[in-house]
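> from the sequence below, what's the structure:
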Amino acid sequence: MKEEEKGLSTIVKVVTRWIVGFILLFGIYIVIFGHLTPGGGFPGGVIIAGVFVLLTLSFGREVPLRKLNSTLASELDSFGALVFLLVGILGLYLATYFAQNFITTFPQQYFRPFSAGVIPICNLAIGLKVGASIFMVFIILAVTRVISVGEGRMKMLRKRTGRRRRK
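Purely as a prediction, here's the structure:
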């Protein structure tokens with residue numbers, strides 16, 4: 001007997017395969033060009049996390065966890081925070097204040113991707129942090145369930161995967 005497929009219908013899976021790359025590229029574009037156009041690290045990170053949420057809803061939680069497991073997401077989250085903190089400390093030591101711009105830009109470079117000093121670096125760090133954090137929160141919500149064990153008391157359980165219980 002054929003094992004039951006996880007996720008939504010075939011139509012949703014096919015459309016998800018078509019559009020997930022475009023959504024990911026759009027999120028990366030928003031992060032990289034956030035200092036020139038409306039956007040930046042936070043909205044770009046949310047769009048990138050939305051790609052993994054869409055994959056989870058369409059194919060089940062195993063597919064996105066193969067691409068970005070919780071350990072890697074935690075490391076990306078920490079790396080984004082570390083880069084942002086490093087930019088702030090470098091601004092303190094190389095300039096005058098915490099997170100002050102220490103990369104010199106010239107008027108000929110205005111409105112170009114690297115014309116904003118430390119802002120693109122901060123956008124990349126925030127995009128990594130927000131994208132990984134939102135994906136981790138969604139995965140935690142997807143793999144746990146809350147049950148009532150008494151009057152006003154709740155208990156969190158990990159959802160079972162497709163494995164059978166031993167008797």
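> how close does the most centrally placed residue in the chain sit to I30?
The residue lying closest to the centre of the chain (C-alpha atoms, centre = their mean) is G131, at 1.6 Å. According to C-beta to C-beta, to the nearest Å, G131 and I30 sit 11 Å apart. In short, each C-beta sits where N, CA and C put it, glycine included.
> what pLDDT is listed against K67?
We have a pLDDT of 83 for K67.
> correct me, but it touches T56?
No: using C-beta atoms under 8 Å as the test, K67 is too far from T56 to be in contact (10.4 Å).
> pick out whichever of these two has more residues nearby.
Between K67 and T56, T56 has the larger neighbour count (other C-beta atoms under 10 Å), namely 19 against 10.
> from V20, how far out is the closest residue to Y29 other than its chain neighbours?
Using C-beta to C-beta, 6 or more residues apart in numbering and skipping the chain neighbours, the partner closest in space to Y29 is G44 (7.7 Å). Counting by C-beta to C-beta, the gap between G44 and V20 amounts to 16 Å.
> and what of A142?
For A142, the distance to V20 - C-beta to C-beta - is 18 Å.
> can you check I140 too?
22 Å.
> do the same with A125
24 Å.
> re the thing from before, any common contacting residues for G131 and I30?
Listed contacts common to G131 and I30 are G44; contacts here mean C-beta atoms under 8 Å, 6 or more residues apart in numbering.
> got the contact list for stretch 63-72?
The contact list for stretch 63-72 (C-beta under 8 Å, 6+ apart) reads G7, F52, L55, T56, A132, F135, M136, I139.
> residues of it that come out buried?
Buried residues in stretch 63-72, defined by neighbour count with 16 or more other C-beta atoms under 10 Å: V63, P64, L65, L68.
> where does the chain have low pLDDT?
By pLDDT under 70, the low-scoring segments of the chain are 1-5, 113-114, 160-167.
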